[in-house]
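Novice: let's see this in three dimensions:
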Amino acid sequence: MLLDDAREVLEIEAQGILNLIPKLGPGFEMAVEAIYRLKGRVILTGIGKTGIVARKIVATLNSTGTPALFLHSGEAMHGDLGMVTSRDIVLAVSNSGETAELNSILPSIKKIGAKLISFVGNPESTLAKQSDLVLDVGVEKEACPLGLAPTASTTAALAMGDALAVALIKRRQFNQQDFRRFHPGGSLGERLAVKVSAVMLTGEQIPLVSPKQTLFEAIEEMDAKDLGATLVVDHAQKLMGILTDGDLRRLFKRKTPLKQTLTGQVMTPDPKSISPEVQASEALEMMEQYLITILPIVDSQKRVVGVLHLHDLLGKGEFKFSFRE
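Specialist: Residues are numbered from 1 along each chain as shown. The predicted structure is shown next:
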C-alpha cells in the first residue's frame with residue numbers, strides 16, 4: 001500500500017513535468033534571450049514553498065554563469081525592493097498567481113523599470129497579466145491527496161527553472177572550465193585530495209639547467225617552459241638549487257652580466273622540495289608557509305622527478321600570494 005502511494009506520487013509529478021513540454025514556445029526563447037543579454041541580475045521572488053524553489057533556481061543560475069539574487073516577497077515592501085534596479089529582470093514564481101504578498105510588489109517593480117517574467121500555474125492570474133513574459137508551469141493536480149500541499153506544482157516550477165538554466169548554459173557556451181571557476185571549493189577539494197604525482201609536471205615540462213650553464217641559458221629555459229623558474233640539477237638530476245623570476249629581477253638591478261655569469265653562482269641553493277607520494281594538500285601548505293609558487297618534486301635520492309606550480313593546485317587566476325621584495 002505504501003509503495004503504491006509512493007509510485008502514484010512519482011507518476012503524478014513526472015507527468016506534471018512532461019506536460020510542460022508542449023507548453024514551451026516563443027515565450028521561453030524570449031526569456032532565455034532576455035536573460036542572456038541582461039546587464040543586471042535575475043532576481044527570483046516567491047513566498048512559502050515557491051520561495052524555496054526560487055532559492056534553488058538562484059543557486060543554479062549563479063553556479064552556471066548567470067548572476068542571480070533571491071528577493072523574499074514578504075520582505076520586499078519593507079526595504080528589500082532596494083536591491084532591484086531597472087537593469088534587472090525579476091522572475092516571480094507562483095502557482096496561483098494570486099499571492100497577495102507577491103502581487104503587492106508588482107506596481108513597484110514596474111515603477112523601477114525592471115522586466116517581469118513569471119513562472120505561474122494560472123496564465124489568467126493577476127501575476128500573469130502583469131508580467132512581460134509568462135511561462136506556464138501549471139499542473140493538472142497536486143500529488144498531495146488533499147490537493148493542498150504544493151507538490152507537483154513546485155516540482156514543475158523547479159524543472160522549468162532547470163530548463164531555463166540549461167538553455168542559458170548552451171546560449172553562453174558555458175564550459176567545464178567556467179564551471180570550475182564558479183566552484184573553486186569543489187574543484188580545489190578534488191585537486192588537493194590526490195597525491196602530488198597526479199598533478200605535478202614531468203618530463204619535458206620541467207625547466208632544468210646545470211650549474212655550469214650561463215644565466216642567459218637559464219633565462220632561455222625559463223622562457224621556454226613558462227613556469228617563472230628553473231631548477232638547477234647536477235649530472236645525476238639531483239636537485240641543487242632554483243632560479244626564479246624574482247631572482248632575475250634582483251640580478252638585473254645589480255646589472256649582472258648574463259653571458260658571463262654561471263647559474264650555479266646565483267641560484268638559491270637547497271630549495272624546498274617534496275616527495276611525489278605526499279598529498280597535494282601538504283604541498284599547498286608548504287607553498288603557503290614559505291610563499292613560493294614553484295615546488296620541486298624529488299625522489300628519495302633527491303633526484304628531480306617533477307615540478308609543481310601553484311596554479312596546478314588552485315587553478316590559474318584563483319589565488320595570489322602577497323610577495324614582499
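Novice: specify the beta-bridge partners of residue 262.
Specialist: residue 214 (DSSP bridges).
Novice: so where's this protein uncertain?
Specialist: Within the chain, the stretches with pLDDT under 70 are 175-193, 314-325.
Novice: any idea how it splits into domains?
Specialist: 2-182, 194-314 (automatic domain parsing).
Novice: can I get those domains in a markdown table with mean neighbour count?
Specialist: (Glycine included, C-beta is placed from N, CA and C.) Listed next are these as a markdown table, based on neighbours: other C-beta atoms under 10 Å:
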| stretch | mean neighbour count |
| --- | --- |
| domain 2-182 | 18 |
| domain 194-314 | 17 |
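Novice: break down the protein into its strands, ranges please.
Specialist: 42-46, 68-72, 89-94, 115-120, 133-136, 208-209, 229-233, 239-244, 268-269, 294-298, 304-309 (DSSP state E).
Novice: out of the ones you listed, which gets nearest to residue 156?
Specialist: Closest to residue 156 of those, according to C-beta to C-beta: strand 115-120, at 8.6 Å.
Novice: tilt between the closest one and strand 42-46?
Specialist: 40 degrees (axes from the mean of the first three to the mean of the last three C-alpha atoms, to 10 degrees).
Novice: what distance do you get for the closest residue to residue 69 other than its chain neighbours to residue 35?
Specialist: Nearest non-adjacent residue to residue 69, counting by C-beta to C-beta, 6 or more residues apart in numbering: residue 43, 5.0 Å away. Remark: distance between residue 43 and residue 35 (C-beta to C-beta, to the nearest Å) = 11 Å.
Novice: joint contacts of those two?
Specialist: Residues touching both residue 43 and residue 35 by C-beta atoms under 8 Å, 6 or more residues apart in numbering: residue 89.
Novice: the residue lying farthest from the centre of the chain - nearest residue in space that isn't next to it in sequence?
Specialist: Going by C-alpha atoms, centre = their mean, the residue of the chain most distant from its centre is residue 260, 48.4 Å out. Once flanking residues are discounted, residue 260 sits nearest to residue 214: 7.3 Å by C-beta to C-beta, 6+ apart.
Novice: so what's the one you found up against?
Specialist: 258, 259, 260, 261, 262, 263.
Novice: gap between it and residue 268?
Specialist: 17 Å.
Novice: residue 68 is in contact with residue 38, isn't it?
Specialist: No. The pair residue 68 / residue 38 is not scored as a contact, 10.2 Å apart, by C-beta atoms under 8 Å.
Novice: right, and residue 103 touches residue 129 too?
Specialist: No. Taking contacts as C-beta under 8 Å, residue 103 lies outside contact range of residue 129: 10.2 Å.
Novice: shouldn't residue 17 be in contact with residue 156?
Specialist: Yes. Taking contacts as C-beta under 8 Å, residue 17 lies within contact range of residue 156: 5.9 Å.
Novice: quick check: longest helix of this protein.
Specialist: Criterion DSSP state H: the longest helix present in the chain is helix 152-172.
Novice: may I have that helix exported as CSV, CA atoms only?
Specialist: Included here for helix 152-172 are C-alpha records, laid out as CSV according to Å, rounded to 0.1, in the frame of the first residue of the first chain:
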residue,chain,number,x,y,z
ALA,A,152,3.6,18.5,-8.3
SER,A,153,3.4,22.3,-8.8
THR,A,154,6.6,23.0,-7.1
THR,A,155,8.3,20.2,-8.9
ALA,A,156,7.2,21.6,-12.2
ALA,A,157,8.4,25.1,-11.4
LEU,A,158,11.7,23.7,-10.3
ALA,A,159,12.0,21.7,-13.5
MET,A,160,11.3,24.8,-15.6
GLY,A,161,14.0,26.6,-13.7
ASP,A,162,16.4,23.9,-14.6
ALA,A,163,15.3,24.1,-18.3
LEU,A,164,15.9,27.8,-18.2
ALA,A,165,19.4,27.4,-16.6
VAL,A,166,20.5,24.7,-19.1
ALA,A,167,19.3,26.7,-22.1
LEU,A,168,21.4,29.6,-20.8
ILE,A,169,24.4,27.3,-20.4
LYS,A,170,24.2,26.4,-24.0
ARG,A,171,23.4,30.0,-25.1
ARG,A,172,26.5,31.2,-23.2
